[in-house]
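Visitor: next one to model:
(one chain, ligands or ions: 1)
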Amino acid sequence: MNRVYNFSAGPSMLPEAVLEKAAAELLNYQGTGQSVMEMSHRSKAYKPIIEKAEALVRELMNVPENYSVLFLQGGASLQFAMVPMNLAKKGKAAFVDTGVWSGKAIQEAKKYLTVDVIASSKADGYNRIPKVEKISGDYDYAHITLNNTIVGTAWKTLPNTGDIPLICDASSCILSEPLDVSKFGIIYAGAQKNLAPAGVTLVIIRNDLIRNADSPLGDLPESVPTMLRYDTHAKQGSMYNTPPCYSIYIMKLVLDWIKELGGTEAIGKINREKAGMFYDYLEQSAFFKPTVEQDSRSLMNIPFLTVIKDEEKAAEINKKFVVEAEAVGLVNLAGHRLVGGMRASVYNAMPIEGVKALIEFMKNFEKNNA
Ligand code: PMP
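Guide: Coordinates of the predicted model:
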């Protein structure tokens with residue numbers, strides 16, 4: 001059986017070693033005679049899985065003691081609502097607009113508080129991260145999208161927000177390189193790109209932001225549903241209701257795999273090598289070109305275009321590229337409709353061989369179509 005190199009923006013590739021381990025344990029998990037899929041989340045066999053997953057997140061991300069690690073549902077999209085629902089107090093938040101996903105977060109937050117969009121790269125077609133050195137004001141929090149999956153930009157230097165909690169959507173870059181958790185109030189990420197199959201959302205939250213009757217910020221309004229209070233999940237170890245057990249189990253295996261590779265330093269080095277190799281190729285190519293400014297380039301999502309100016313002809317070539325790439329096992333390279341062209345998502349699980357194979361394919365495509 002031939003596996004393909006899947007360049008999808010998400011859900012995406014999982015490490016082969018993880019899939020093999022899951023397959024080996026699928027029918028009979030460690031002598032229990034059951035699959036993890038079939039197990040009670042409160043069973044003796046399951047408890048160590050979720051506990052180990054949390055311990056590994058803490059270890060690999062160096063999560064300080066005063067933070068909680070939660071496994072929630074509803075995707076990153078539900079965090080667009082949960083964050084303002086749980087943090088609105090003064091009634092105002094600062095957002096940086098870096099594309100579609102921050103736009104969605106802004107739209108949702110507006111239902112609960114006043115949103116100040118303090119910077120935006122819209123005028124540049126979102127092809128860079130705006131310069132924001134400092135955020136100040138009477139804000140409940142400031143929100144950024146750490147890696148922008150569609151346009152392929154990423155923050156390299158975080159804004160200084162002083163006492164204002166900095167909240168980030170790290171869906172498409174979580175655990176791809178070292179990140180200083182202590183700089184954030186909340187980090188959230190849908191798992192289906194770098195961590196696990198879809199269904200679980202990782203939330204790392206500073207404990208003073210988890211509101212209840214005893215918290216410094218005071219309790220939440222009665223109207224906030226129980227399931228949408230961070231407090232509910234923090235108090236119950238993400239077991240208030242049935243968690244996405246199997247996705248958490250796979251996340252635990254992925255975290256084991258990252259640890260074995262040498263942690264975030266090691267994976268960051270590999271990711272810089274993979275992305276560097278690909279950007280270098282795009283830079284020197286006379287046929288393809290990257291779309292993002294040098295200082296804002298994502299290590300995970302790399303959109304690119306051909307140099308063909310005629311729109312119709314370019315669209316035809318793009319289509320041909322995607323079809324021919326798929327025929328040789330390089331799949332899901334079509335660009336997002338908002339950017340056009342092509343996009344290679346090279347998350348943690350994409351082996352360096354996959355990137356090399358793509359570059360070889362592109363060299364040939366360039367020769368045959370230039
Ligand atoms: N934020 C970012 C940066 C994303 O890439 C995505 C999904 N592509 C989302 C949020 C939405 O995530 P979910 O589908 O988990 O709600």
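Visitor: near the ligand, which residues of the stretch 51-200 of the chain are found?
Guide: 75-77, 101, 145, 149, 169, 171-172, 190 (CB under 6 Å from any ligand atom). Placement of C-beta: from N, CA and C, glycine included.
Visitor: out of these, which are inside helices?
Guide: 75-77, 101 (DSSP state H).
Visitor: top of those by neighbour count?
Guide: Among these, the one with the most neighbours (other CB atoms under 10 Å) is Ala76, at 24 neighbours.
Visitor: can I see the domain layout of the chain?
Guide: Following automatic domain parsing, the chain resolves into domains at 16-260, 264-369.
Visitor: out of those domains, which gets nearest to Tyr5?
Guide: In terms of CB to CB, the element of these nearest to Tyr5 is domain 264-369, at 3.7 Å.
Visitor: hmm, that closest one in reach of the ligand?
Guide: No. Interface with the ligand: domain 264-369 contributes nothing (CB under 6 Å from any ligand atom), its closest point being 8.3 Å away.
Visitor: endpoints of that domain, how far apart?
Guide: 39 Å (CA to CA, to the nearest Å).
Visitor: equivalent analysis for stretch 110-129, please.
Guide: Separation of the first and last residues of stretch 110-129 by CA to CA is 22 Å.
Visitor: what does stretch 186-198 give?
Guide: Across stretch 186-198, the terminal residues are separated by 20 Å (CA to CA).
Visitor: try stretch 56-66
Guide: End-to-end distance of stretch 56-66 (CA to CA): 16 Å.
Visitor: now the residue in the stretch 1-150 of the chain that the ligand sits nearest to. Nearest residue, chain neighbours left out?
Guide: Closest contact between the stretch 1-150 of the chain and the ligand, by CB to the nearest ligand atom, is at Gly75 (2.5 Å). Spatial nearest neighbour of Gly75, excluding adjacent residues (CB to CB, 6 or more residues apart in numbering): Gly190 at 4.7 Å.
Visitor: wait, isn't the residue of the stretch 1-150 of the chain closest to the ligand in contact with Leu202?
Guide: No. With contact defined as CB atoms under 8 Å, Gly75 does not reach Leu202; the gap is 11.1 Å.
Visitor: from Ile270, how far off is Leu96?
Guide: Just so we're on the same page, residue 96 is Val rather than Leu. Val96 is 28 Å from Ile270, where distance means CB to CB, to the nearest Å.
Visitor: these two: which has the busier surroundings?
Guide: In terms of neighbours (other CB under 10 Å), Val96 is the more surrounded of Val96 and Ile270; the figures are 21 against 18.
Visitor: the helix or strand harbouring that one packs against which elements?
Guide: Using DSSP states H and E, the element containing Val96 is strand 92-97. Applying 3 or more CB pairs under 8 Å, 6 or more residues apart in numbering; DSSP states H and E, one finds that strand 92-97 contacts helix 100-109, strand 114-120, strand 141-145.
Visitor: got these as JSON lines, with mean pLDDT columns?
Guide: Formatted as JSON lines, these follow (pLDDT from 0 to 100):
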{"stretch": "helix 100-109", "mean pLDDT": "98"}
{"stretch": "strand 114-120", "mean pLDDT": "98"}
{"stretch": "strand 141-145", "mean pLDDT": "98"}
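Visitor: out of those, which comes closest to Glu311?
Guide: Taking the helices and strands packed on strand 92-97 one by one with CB to CB, helix 100-109 is closest: 21.7 Å.
Visitor: beta-bridge partners for the residue in the stretch 251-370 of the chain that the ligand sits nearest to, please?
Guide: In the stretch 251-370 of the chain, no residue comes nearer to the ligand than Asn301, which is 8.3 Å away by CB to the nearest ligand atom. Beta bridges link Asn301 to Ser345, judged by DSSP bridges.
Visitor: neighbours around the closest residue to the ligand within the stretch 101-250 of the chain, how many?
Guide: Residue nearest to the ligand within the stretch 101-250 of the chain: Gly190 (2.7 Å; CB to the nearest ligand atom). If you count neighbours by other CB under 10 Å, Gly190 ends up with 27.
Visitor: that one and Leu78, how far apart?
Guide: For Gly190, the distance to Leu78 equals 9 Å [CB to CB].
Visitor: what residues are shared contacts of the two?
Guide: With contacts taken as CB atoms under 8 Å, 6 or more residues apart in numbering, Gly190 and Leu78 have Thr201 as neighbours in common.
Visitor: low-confidence regions, the protein specifically.
Guide: 1 (pLDDT under 70).
Visitor: the nearest residue to Ala315 once chain neighbours are set aside is in what secondary structure piece?
Guide: Leaving aside its sequence neighbours, Ala315 sits nearest to Gly340 (CB to CB, 6+ apart; 7.8 Å). For Gly340, there is no host helix or strand (DSSP H and E).
Visitor: who's in contact with Gly340?
Guide: 305, 314-315, 318.
Visitor: so which of those residues sit within strands?
Guide: Using DSSP state E, the members of the contacts of Gly340 that fall within strands are Leu305.
Visitor: so which residues of the stretch 1-150 of the chain form strands?
Guide: Ranges of strands in the stretch 1-150 of the chain, per DSSP state E, counting those that start in this stretch, are 5-6, 67-72, 92-97, 114-120, 141-145, 147-148.
Visitor: and those strands as CSV, adding distance to Leu26?
Guide: Output for the strands of the stretch 1-150 of the chain, formatted as CSV (distance: least, CB to CB, whole Å):
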stretch, distance to Leu26
strand 5-6, 21
strand 67-72, 21
strand 92-97, 43
strand 114-120, 45
strand 141-145, 35
strand 147-148, 32
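Visitor: buried sites along the longest helix anywhere in the chain?
Guide: In the chain, taking DSSP H as the definition, the longest helix is helix 263-284. Neighbour-count burial for helix 263-284 flags 263-264, 267-268, 270-271, 274-275, 278-279, 281-282 (criterion: 16 or more other CB atoms under 10 Å).
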